[in-house]
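> sequence and predicted structure are below.
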Amino acid sequence: MKQYDCIVIGAGAGGLMAVIEVAKNNSNVLLLEKLPKIASKLKATGGGRCNLTNTLSNEEFMKCFGREGRFMTPALTLLDHKSLQNFFNNIGVQTHAPDGFRVFPVGHNAIEIIEGLEKEMRRLGVKVVCSQKVETLLFDNEQIKGVKTQNNQFFAKNIIIATGGMGYPVLGAEGDGFKLAKEVGHTITNLHPAMMPLKTKENWGANCRADTIAKVEMRVNIKKYKKLHAKGDLIFTKNGIRGPVVLDFSREITPLLHKYNEVPIVMNLTKGMNEEQIRKTFKSKPTLSTLELVKTLLPESVSLEICKLANCNPKLTLGKQKGQNRDQLIKLLAWTPLTINGHDGFKMAMITRGGVSLKEIDPNTMQSKKIRGLYFCGEVMNLDGPCGGYNLQWSFASGYLAGKLL
């Protein structure tokens, strides 16, 4: 009989942190990973640079997760960004925040993080078994008993589910934890792919692929959802948009796409300038052609497309344009409309929106309210944040809390 004090399912950020903390108090701990190697998704995080966390206060950090953010209070109290950096420093991995906000390993390589965690697990005697996909939980009445894999059974009275969501299935995220949680009576909220490029109905952006637009603000142009917005750099693609602002905004857009099929948005491409400011800027340069004027605010490729959308002749001065076309140009520069009409699904999603209902998890312990001995950490829960180290910090902190108390 394979009996352990604790079994952790999933060797991502949360699972690795959890198993290390459990091992500090219980020598008999098992980590199960369905892929041949641990930390596949962690290795790819941030383009391989591994943005671990950021320097926001806990209060500001939680606000970025929306109304459910306060669920993180106990976990962040135990392991905030400073404590996380100290943790890695203590296991031989130096970190820094070169821009004062995002925290990386000093070599900007996820391998540093993974090797540090592996070394610590070896030191603590953690048993790691890869190529073991957990197919079902073993439980009796209201107590967890163990797990069944494709060819084994392992027993423990404490199990931590750290399987992640459904984003990047080639890296092992296939929603296994949702199925396991559902087996014991947990509610799984609606699941949507998030943090991903988006497709647009309009195709003019395909002509602007050479340029990145900085400090773009995006808003949903549906009355009920006008408060939804994001800011950051934008990149046009052959059939849509991507870039940091799109990755963040997609968290709000994909659930709306499921509801409406098409989601109209507006974008300020001119670093926050309004119509009046744009008019004033243009009036100060009356001899320039319309294209030259717009190029003072935007790259040439985008400027040309905006002129076309406003039916303005790019070679004429603004004063020689028809009044309605001139007004339309100013409006388009202040708020450019686009229609989001699709995405590539979970295969391109970095994270999952949705998961195990937080109402059924004790935030003070990460333990299930449905069954004794079952714990959760990381993305498998219904909590996700924007780009910038938010989701990794949450995974590490929730894993730390779940493992620390066992």
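It's in.
> which other residues reach the helix or strand of the chain with the lowest mean pLDDT?
Among the secondary structure pieces of the chain, namely its helices and strands, helix 40-44 has the lowest mean (mean pLDDT, DSSP states H and E), a mean of 92. For helix 40-44, contacts defined as CB atoms under 8 Å, 6 or more residues apart in numbering pick out 12-13, 16, 50, 110-111, 113-114, 164, 168, 171-173, 392. (Glycine included, C-beta is placed from N, CA and C.)
> quick check: domain ranges of this structure?
If the domains of the chain are taken from automatic domain parsing, they occupy 3-191+353-404, 198-343, with pieces of a single domain joined by a plus sign.
> can you redo those domains as TSV with mean neighbour count?
Output for the domains of the chain, formatted as TSV (neighbours: other CB atoms under 10 Å):
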stretch	mean neighbour count
domain 3-191+353-404	20
domain 198-343	18
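> show the pLDDT at N25.
For N25, the model assigns a pLDDT of 88.
> what sits closest to I114 if chain neighbours are left out?
Distances taken as CB to CB, 6 or more residues apart in numbering place A39 nearest to I114, at 4.7 Å, with adjacent residues excluded.
> which stretches of the stretch 301-406 of the chain form helices?
323-334, 390-404 (DSSP state H, counting those that start in this stretch).
> what of the chain?
Counting by DSSP state H, the chain forms helices over residues 13-25, 40-44, 58-63, 73-78, 81-90, 110-124, 176-183, 244-260, 275-283, 290-295, 300-309, 323-334, 390-404, given from the N-terminal end onward.
> quick one: which of those is nearest T149?
Nearest to T149 among the helices of the chain is helix 176-183; the distance by CB to CB comes to 11.0 Å.
> pull the distance from the closest one to the chain's centre.
When distances are taken as CA atoms, centre = their mean, to the nearest Å, helix 176-183 is centred 21 Å away from the chain's centroid.
> C-alpha coordinates for that helix, PDB please?
As requested, C-alpha coordinates have been extracted for helix 176-183 and formatted as PDB (Å, rounded to 0.1, in the frame of the first residue of the first chain):
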ATOM      1  CA  ASP A 176      -8.300  17.600 -14.900                       C
ATOM      2  CA  GLY A 177      -8.800  19.400 -11.500                       C
ATOM      3  CA  PHE A 178     -12.300  20.600 -12.500                       C
ATOM      4  CA  LYS A 179     -13.400  17.000 -13.100                       C
ATOM      5  CA  LEU A 180     -11.800  15.800  -9.800                       C
ATOM      6  CA  ALA A 181     -13.500  18.600  -7.800                       C
ATOM      7  CA  LYS A 182     -16.800  17.900  -9.500                       C
ATOM      8  CA  GLU A 183     -16.600  14.200  -8.400                       C
END
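> so N313 sits against T290, correct?
Yes: under the criterion of CB atoms under 8 Å, N313 lies in contact with T290, with a separation of 6.9 Å.
> common neighbours of these two, please.
Listed contacts common to N313 and T290 are C307, Q321; contacts here mean CB under 8 Å, 6+ apart.
> how close does the residue nearest to I114 sit to I265?
Taking CB to CB, to the nearest Å as the measure, A39 and I265 are separated by 35 Å.
> first-to-last residue distance for stretch 381-392?
Using CA to CA, to the nearest Å, the end-to-end distance of stretch 381-392 comes out at 13 Å.
> got the contact list for that stretch?
13, 42, 45, 50-54, 61, 64-65, 68-69, 71-72, 81, 101-103, 189, 194-195, 230, 232, 244, 247-248, 251, 351-358, 361, 379, 394, 398.
> so who does L269 touch?
Neighbouring residues of L269 by CB under 8 Å, 6+ apart: I213, V216, L234, L297, L298, V302, L333, T336.
> run the last query once more with 7 Å
With contact taken as CB atoms under 7 Å, 6 or more residues apart in numbering, L269 is in contact with I213, V216, L298, V302, T336.
> now the helices of the stretch 301-406 of the chain as JSON lines including mean pLDDT and distance to Y4?
Conversion of those to JSON lines gives the following (pLDDT from 0 to 100; distance: least, CB to CB, whole Å):
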{"stretch": "helix 323-334", "mean pLDDT": "98", "distance to Y4": "61"}
{"stretch": "helix 390-404", "mean pLDDT": "97", "distance to Y4": "13"}
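> compare the ones you listed and give me the one nearest I222.
I222 sits nearest to helix 323-334 of all the helices of the stretch 301-406 of the chain, at 18.8 Å, using CB to CB.
> tell me the angle of that closest one relative to helix 275-283?
An angle of 110 degrees separates the directions of helix 323-334 and helix 275-283 when computed by axes from the mean of the first three to the mean of the last three CA atoms, to 10 degrees.
> hmm, who's touching helix 323-334?
The contact list for helix 323-334 (CB under 7 Å, 6+ apart) reads 268, 270, 273-275, 278-279, 294, 297, 306-307, 309-312, 318.
> what's the spacing between K133 and G373?
Taking CB to CB as the measure, K133 falls 21 Å from G373.
> do the same with L138
L138 sits 11 Å away from G373 when distances are taken as CB to CB.
> then G354?
G354 sits at a distance of 25 Å from G373 (criterion: CB to CB).
> also P255?
Remark: distance between P255 and G373 (CB to CB) = 33 Å.
> do L78 as well
When distance is defined by CB to CB, L78 is 20 Å away from G373.
> likewise L76?
Going from L76 to G373 by CB to CB gives 24 Å.
> then G92?
G92 is 33 Å from G373, by CB to CB.
> setting aside sequence neighbours, what's the nearest residue to the residue of the chain most remote from its centre?
Counting by CA atoms, centre = their mean, the extreme residue of the chain relative to its mean C-alpha position is K320, 47.4 Å from that point. Nearest in space to K320, with sequence neighbours left out and distances taken as CB to CB, 6+ apart, is N313 at 8.0 Å.
> same question, E275
In space, not counting the residues next to it along the chain, E275 is nearest to A334; the distance is 4.7 Å by CB to CB, 6+ apart.
> any idea how far that neighbour lies from V263?
From A334 to V263 the distance is 20 Å (CB to CB).
> then Q367?
Remark: distance between Q367 and V263 (CB to CB) = 38 Å.
> isn't L16 right next to E118, touching?
No: proximity of L16 to E118 does not meet the contact threshold set by CB atoms under 7 Å, at 8.4 Å.
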